[in-house]
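# make a model of this:
(one chain, ligands or ions: 2)
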Amino acid sequence: MKRVSIFGATGSVGLSTLDLVRRDPQAYRVVALTANSDVDSLATQARETSAQVAVIGQAHLYSALKEALTGSGIEAMAGEEALVEAAAMDVDWTMAAIVGCAGLRPTIAALKTGRTVALANKESLVSAGGLMMQAAQASGATLLPVDSEHNAIFQCLAGGSLDDVARITLTASGGPFRTRSRAEMADITPAQAVAHPNWSMGAKISVDSATMMNKGLELIEAAHLFPVGLDRIEILVHPQSVIHSMVEYRDRSTLAQLGSPDMRIPIAHALAWPQRIATPCQPLDLARIGRLDFEAPDPDRFPALRLARAAAAQGGATPTILNAANEVAVAAFLAGRIGFLDIAMIVEDVLERYGAPTPGAIDDVLAADAEARVRAGEVMERLTA
Ligand code: NAD
Ligand code: MG
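Ligands and ions are numbered 1, 2, ... in the order given. Model prediction:
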């Protein structure tokens, strides 16, 4: 039996992970499940899977969770430190699917156990990539990428060597506004931005896909997971989201991984690795799809691509700042406080005015993250004044 914990269990990736785990109760034993504020869903999930502990991120919800778990024998925990404590429990496999930099400390704690961490929480790797990779190496943990592109690259690298890689191509759907002009993007509403053409995902990543900051974050993520050099990592727009990414070797042979756009496929790969398990996902029907299209990304209409590549090249705390400013701006856009085009503008403004020394420890990352959030708030105040 594999002992598994799921961080961010009530989210889009968390639910897909639970769906797979619950299909084979003989194979998996659920240890910890976590959520930020949805006590009822978390308690229901914990009861249905007979989890050992349930952790709610918001500390003030402790008594509500405890009450919802009455008589179940499941331990209730609450608050940020409880998330870290739960991540340090001895399990075989942890899904890191909290959204945002909030997932950083639990993910590091899970990596320190030296077991296997399936990583969906890309923001943690963007903010603290160097330190996270070091933590994994020091403990001997296995870090398995769940983001569909990085999972695809991981699969294309099986049996190959990074030294032989000529180029990695990250595919991008281009999001719901792929064909819009800048002028046509000004009035985009949150509802339009979260309606992704191919994938069903949480609100934050859906907005990131619409601005293409998601692909920018993924570029930084890829540079940490597959250190071939930034100039060997390319982005290619592929509207059908059938090819999830590609690896070209120096002999000019290119491997691609394909599949229906269903996150349960990369999650199942990470859950069973190095084995394979059956999934309920749709088989790929290429005859029905008929054609696959490709086009170059447009950094003029999608400035987030340019900002993220520059931040990746600069390194140090710059990706941390980029990520934090983006988190603040996306939350403000979703709350109806700023326009769609303001998101990248705010990120750029913060990057221009604020710099921090290269983080030597997680606390340095968290300090740069916190300061960048304050700066982003100030830019927004000027904007909405
Ligand atoms: P989501 O918003 O649907 O779910 C987020 C989860 O994190 C929820 O369980 C929520 O309760 C929890 N959470 C949010 N804020 C928290 C906080 N401050 N403290 C503790 N827990 C908190 O998000 P999602 O779409 O499932 O994405 C999760 C992560 O996976 C993101 O980093 C995203 O970029 C990445 N990812 C998602 C997809 C996808 O298809 N949804 C694909 C690739 C990568
Ligand atoms: Mg992705």
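# please count neighbours and contacts with C-alpha atoms only from this point.
OK.
# care to break this structure down by domain?
2-145, 146-302, 315-385 (automatic domain parsing).
# and among the ones you listed, the most buried is which?
Burial of the domains of the chain is given as mean neighbour count (mean count of other CA atoms under 10 Å); domain 2-145 ranks first at a mean of 21.
# ok, back up a step: now the domains of the chain as JSON lines including distance to R309?
Below are the domains of the chain laid out as JSON lines (distance: least, CA to CA, whole Å):
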{"stretch": "domain 2-145", "distance to R309": "12"}
{"stretch": "domain 146-302", "distance to R309": "7"}
{"stretch": "domain 315-385", "distance to R309": "9"}
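# in a markdown table: these, plus distance to ligand 2 and mean pLDDT.
Output for the domains of the chain, formatted as a markdown table (distance: least, CA to the ion, whole Å; pLDDT from 0 to 100):
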| stretch | distance to ligand 2 | mean pLDDT |
| --- | --- | --- |
| domain 2-145 | 9 | 98 |
| domain 146-302 | 5 | 97 |
| domain 315-385 | 15 | 97 |
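# mind putting these in JSON lines, distance to ligand 1 included?
As requested, the domains of the chain are arranged in JSON lines below (distance: least, CA to the nearest ligand atom, whole Å):
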{"stretch": "domain 2-145", "distance to ligand 1": "3"}
{"stretch": "domain 146-302", "distance to ligand 1": "3"}
{"stretch": "domain 315-385", "distance to ligand 1": "11"}
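# contact partners for the residue of the chain positioned farthest from its centre?
No residue in the chain sits farther from the centre than G71, which is 34.9 Å out by CA atoms, centre = their mean. If a contact means CA atoms under 8 Å, 6 or more residues apart in numbering, then G71 has no contacts.
# next one: A9
Counted by CA under 8 Å, 6+ apart, A9 has contacts L15, T17, L18, L33, T34, A35, L42, A97.
# make it 10 Å
Applying CA atoms under 10 Å, 6 or more residues apart in numbering, we find A9 in contact with 15-18, 32-36, 41-42, 45-46, 54, 95-98.
# next one: S209
If you count contacts by CA under 10 Å, 6+ apart, S209 has them with 172-178, 193-194, 196, 199, 201, 203, 215-216.
# quick one: it is in a helix?
Yes: assessed with DSSP: H, G, I helix; E, B strand; the rest coil, S209 lies in a helix.
# how close does it get to L217?
Distance, S209 to L217, using CA to CA, to the nearest Å: 10 Å.
# wait, S241 touches L292, no?
Yes: S241 is within contact range of L292, at 8.8 Å (criterion: CA atoms under 10 Å).
# which residues touch the helix or strand where L236 lies?
Per DSSP states H and E, L236 falls inside strand 233-237. Residues outside strand 233-237 that contact it (CA under 10 Å, 6+ apart) are 166-175, 178, 215-216, 218-220, 222-223, 226-227, 245-247, 293-298, 305.
# change it to 8 Å
With CA under 8 Å, 6+ apart, strand 233-237 has contacts from 167-174, 215, 219, 222-223, 294-297.
# just these: which are in strands?
Assigned to strands by DSSP state E, the following of those qualify: R167, I168, T169, L170, T171, A172.
# state the pair within those that is farthest apart.
R167 and A172 (15.9 Å; CA to CA).
# quick check on A256: phi, psi?
Dihedral pair for A256: phi -130, psi 150, per degrees, to the nearest 10.
# which residues touch K122?
Residues counted as contacts of K122 (CA under 8 Å, 6+ apart) are G100, D147, L217, E218, E221.
# for the stretch 1-150 of the chain, which segments count as helices?
Remark: helices assigned in the stretch 1-150 of the chain by DSSP state H, counting those that start in this stretch are 12-22, 39-49, 62-68, 80-87, 104-112, 122-139, 148-156.
# right, so of those helices, which gets closest to G360?
It's helix 122-139; of the helices of the stretch 1-150 of the chain, that one is closest to G360 (CA to CA) at 7.8 Å.
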